[in-house]
Structure formats: structure tokens, C-alpha cells
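> Next comes the sequence, and after it the predicted model I'd like to discuss.
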Amino acid sequence: MRHRKTARRVALFGVALAWLGAMPSPGSAQSAFLQGDRMPYDAFDKLAKTDLEVGGGAIHVAFAPGDVALPRQEILDWIGTSARAVSTYYGRFPVKSLKLLLVPVDGPRVRGGTTWGYRGAAIRVLLGRESSEDDLRQDWIMVHEMVHLALPDMAERYSWLSEGLAVYIEPIARVQAGDLAANDIWQAMVRDMPKGLPQPGDQGLDNTDSWGRKYWGGALFCLRADIGIRKATGNRLGLQDAMRGVLAAGGNHEVDWPIERILATADKAVGLDVLSRLHDEMGPRPVTPDLDALWHDLGITVRDGGIQFDDTAPLAAIRQAITR
Ligand SMILES: [Zn+2]
């Protein structure tokens, strides 16, 4: 996962590592669009744009210099599909206007993305020149970055919340939009959620700066929050309603909010305090939920390398509601 919500507070060496595989040679046409850990707003503004309207938002798409094998229209369709998935989840596109910069890099596939908000919402995505139509269909990075647009910027130590939301919501949004099967995402959750459990020496989500805790520890927080809200509301409301409440209160990526305000606003939208309490629990100390019991209660069984659903399990209705 080579992407980052915010660039301002990030250690430079991390970014350099992330881009080792994708960096053009110095002085090449794209380097101006990749240098440093910032959105090249000024360079972007000089490029020709194609505008897309999705979910009440305008996406201004620009390509940095360089050839890409796929026709432009297919790339624009992929952006539109991704934006519709995010708009499905949130009820609308998270920002009124987005600057979306595509930078061609060597190789196939989508190679990474970064989202900024400090001079207006912006996303930069590194697109492999040899990408196929199938690479774009399978890509999760574009939706992941667009989910970042729906959360205020925060102090770096809380990036587990922004990354966790992006990891958790991205596949759910794609299932809700009809782009992915529910089966696939539960299988991925069962496989990957253990990466988010605390390791020896862990000091809680707020104080542990590791990849696993940031991405999957954050996702585990979101799954537990979703289930907690659904349990408390008779499965009427979920994390989706809470996060829509943040957006409705003006909490998109163009503003800076303390984490307490984000969580309180989300809680208020569903009339509960599930998120704030879960942060009190998982923020300052390591918490290891019993994942096997959780999958069992949700009615998910791993069998022969695949998964099976048990619709008589105690939380089966909650599992179904999450992707509905
Ligand atoms: Zn991210």
C-alpha cells in the first residue's frame, strides 16, 4: 500500500522507499510531478484537464507527460467507476472539486497514490504505462485514495484511523456499487485482519507506528465499530451512517480536525458513543480481539481455501447489512 493520506507530516525516507520502484530518472518529464512529498499544485494547474461530474462533485483529471498503453477513455471510465463507488458509500462524492493527477510510470498496474487537502482536495496516482484493462478493474488504490477525501486531516499519530477507514471502506464501497463480490471481501478480511493485531511491545493504535497496526489495526477498529453501531441500533445504522455524518458536518479532507471531534461527530450522527469509546479502549493500549470468535459469530467459515456463509450465525444479519 504505497499511499498516504497527507504529505505534510510524513518522514521523507518513507516516501523515497515507497517510490523506489516507480521513480523516473532525474530530469525526465515526470520528475517534476513526483519530486518531494507534496502535491505539485502549480505544475498541475498548467496541464490540460478533462472534467468528470460524479456524485455532485467535479473531478478535474490531468495526465503528467508520458505515454500510457490504454486509451484515455478507459482510464477516465476507471476513475468514474471508482468515484461512483465512493459516492455510493457516502451518498455523494466527498468533495465539491478534486484535482486528480495521473503520472505514468514504468510497468503494469496502478503503482501507488497520495491524497492531499491543504490547497484544495488533490490526489496523485502513479499509473503503470503497461497497465491493462484488467489491472484497472482490479485496482483498489483509486477508491482507497478517494475514501481519504471523506475524512478531515489529522495528526500523523492517528493515521491508523484514516488508513483503517480507507482499507475497510474501499472494498465495501465497491461491493455496494456492484463492482466486487461480498464473498471476496470477507475472504480478504479473514486473511488480512490478523496483520492488524498487536505485536509484542505494542502501545496501542495511537502510539504504535507500524504498517500492520496502521492499515489493518485501523481496519479492525472500523469493523468493530461497524458491528458495535449495528448491535446498538438493531442493525438499523452502521459505520457508513456515522461517517456520512462527518461529511455532512463539513468534515472532508480539506479541513483539519482533532480525532476527538471526528469521532464525536460520527457518534452523534448515529446517536451513540461507540467510536469514542472504542478509541478510549484501543488507542492507548494493545487490544487483541478474538478474531476466530468474531468470524464465527458473523457466520464466516474458512473451508478448502474459500469461505462459506452461515446465515443462522448470531451476527449473520449484520454481515449481510455491511455490504448491502
Ligand atoms: Zn491510504
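Everything's here; your move. Numbering: from 1, shown residues only.

> contacts and neighbour counts: CA atoms only from here.
Fine.

> From the chain's centroid, how far away is the top strand by length along the chain?
In the chain, taking DSSP state E as the definition, the longest strand is strand 97-105. Centroid displacement of strand 97-105 relative to its chain, using C-alpha atoms, centre = their mean, to the nearest Å, is 17 Å.

> Residue 225 and the ion, how far apart?
19 Å (C-alpha to the ion, to the nearest Å).

> May I ask you to confirm that that residue is in contact with residue 275?
Yes: if you go by C-alpha atoms under 8 Å, residue 225 and residue 275 touch, sitting 6.0 Å apart.

> When these two are compared, which one has more neighbours?
More crowded of residue 225 and residue 275, by other C-alpha atoms under 10 Å: residue 275, with 26 against 22.

> Double-check that the more buried one belongs to a helix.
Yes: Residue 275 sits within a helix when classified using DSSP: H, G, I helix; E, B strand; the rest coil.

> Just after the worst-scoring helix or strand of the chain on mean pLDDT, pick out the following helix or strand.
Least confident helix or strand of the chain, by mean pLDDT, DSSP states H and E, is helix 12-19 with a mean of 36. Beyond helix 12-19 on the C-terminal side, the first helix or strand identified by DSSP states H and E is helix 31-34.

> Show me which residues of the next helix or strand after that following helix are buried.
Of the helices and strands lying after helix 31-34 in sequence (DSSP H and E), the nearest is helix 41-46. For helix 41-46, the neighbour count (16 or more other C-alpha atoms under 10 Å) marks residue 44 as buried.

> Let's see helix 41-46 as PDB, backbone CA atoms only.
The C-alpha trace of helix 41-46 is given here as PDB (Å, rounded to 0.1, in the frame of the first residue of the first chain):
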ATOM      1  CA  TYR A  41      -0.400  22.100  -7.500                       C
ATOM      2  CA  ASP A  42       1.300  24.700  -9.700                       C
ATOM      3  CA  ALA A  43       2.500  22.100 -12.300                       C
ATOM      4  CA  PHE A  44      -0.900  20.500 -12.200                       C
ATOM      5  CA  ASP A  45      -2.700  23.800 -12.900                       C
ATOM      6  CA  LYS A  46      -0.700  24.200 -16.200                       C
END
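
> and residue 297, how many neighbours?
18.

> That one is in contact with residue 317, isn't it?
No: in this structure, residue 297 is not within contact of residue 317 by C-alpha under 8 Å, at 10.3 Å.

> so how far is the ion from residue 75?
Here residue 75 is placed at a distance of 21 Å from the ion (C-alpha to the ion).

> who's in contact with that residue?
For residue 75, the contact set (C-alpha atoms under 8 Å, 6 or more residues apart in numbering) comprises residue 136.

> tell me how far the helix or strand harbouring it is from the chain's mean position?
Here residue 75, judged by DSSP H and E, is contained in helix 72-90. Put simply, helix 72-90 sits 14 Å off its chain's centre (C-alpha atoms, centre = their mean).

> Average pLDDT for that helix, rounded please.
Taken as a whole, helix 72-90 has a mean pLDDT of 98.

> go on, stretch 263-282?
Regarding stretch 263-282, the rounded mean pLDDT is 98.

> distance between that stretch and the chain's centre?
How far stretch 263-282 lies from its chain's middle: 20 Å, per C-alpha atoms, centre = their mean.

> same check, this time on stretch 140-156
Centre-to-centre, stretch 140-156 and its host chain are 5 Å apart (C-alpha atoms, centre = their mean).

> Just the buried positions in it, please.
For stretch 140-156, burial by neighbour count (16+ other C-alpha under 10 Å) applies to 140-154, 156.

> ok and the helix holding residue 75 relative to strand 97-105, angle-wise?
Per axes from the mean of the first three to the mean of the last three C-alpha atoms, to 10 degrees, the angle that helix 72-90 makes with strand 97-105 is 130 degrees.

> May I have helix 72-90 as CSV, with CA atoms only?
What follows is helix 72-90, C-alpha atoms only, in CSV (Å, rounded to 0.1, in the frame of the first residue of the first chain):
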residue,chain,number,x,y,z
ARG,A,72,-7.6,7.7,-22.3
GLN,A,73,-11.3,6.9,-22.3
GLU,A,74,-10.7,3.6,-20.4
ILE,A,75,-8.7,5.4,-17.8
LEU,A,76,-11.4,8.0,-17.4
ASP,A,77,-14.0,5.2,-17.1
TRP,A,78,-12.0,3.7,-14.3
ILE,A,79,-11.8,7.0,-12.5
GLY,A,80,-15.6,7.4,-12.9
THR,A,81,-16.3,3.9,-11.7
SER,A,82,-14.1,4.5,-8.6
ALA,A,83,-15.8,7.8,-7.9
ARG,A,84,-19.3,6.2,-8.2
ALA,A,85,-18.3,3.5,-5.6
VAL,A,86,-17.2,6.1,-3.1
SER,A,87,-20.3,8.2,-3.8
THR,A,88,-22.5,5.2,-3.3
TYR,A,89,-21.0,4.6,0.2
TYR,A,90,-21.1,8.2,1.3
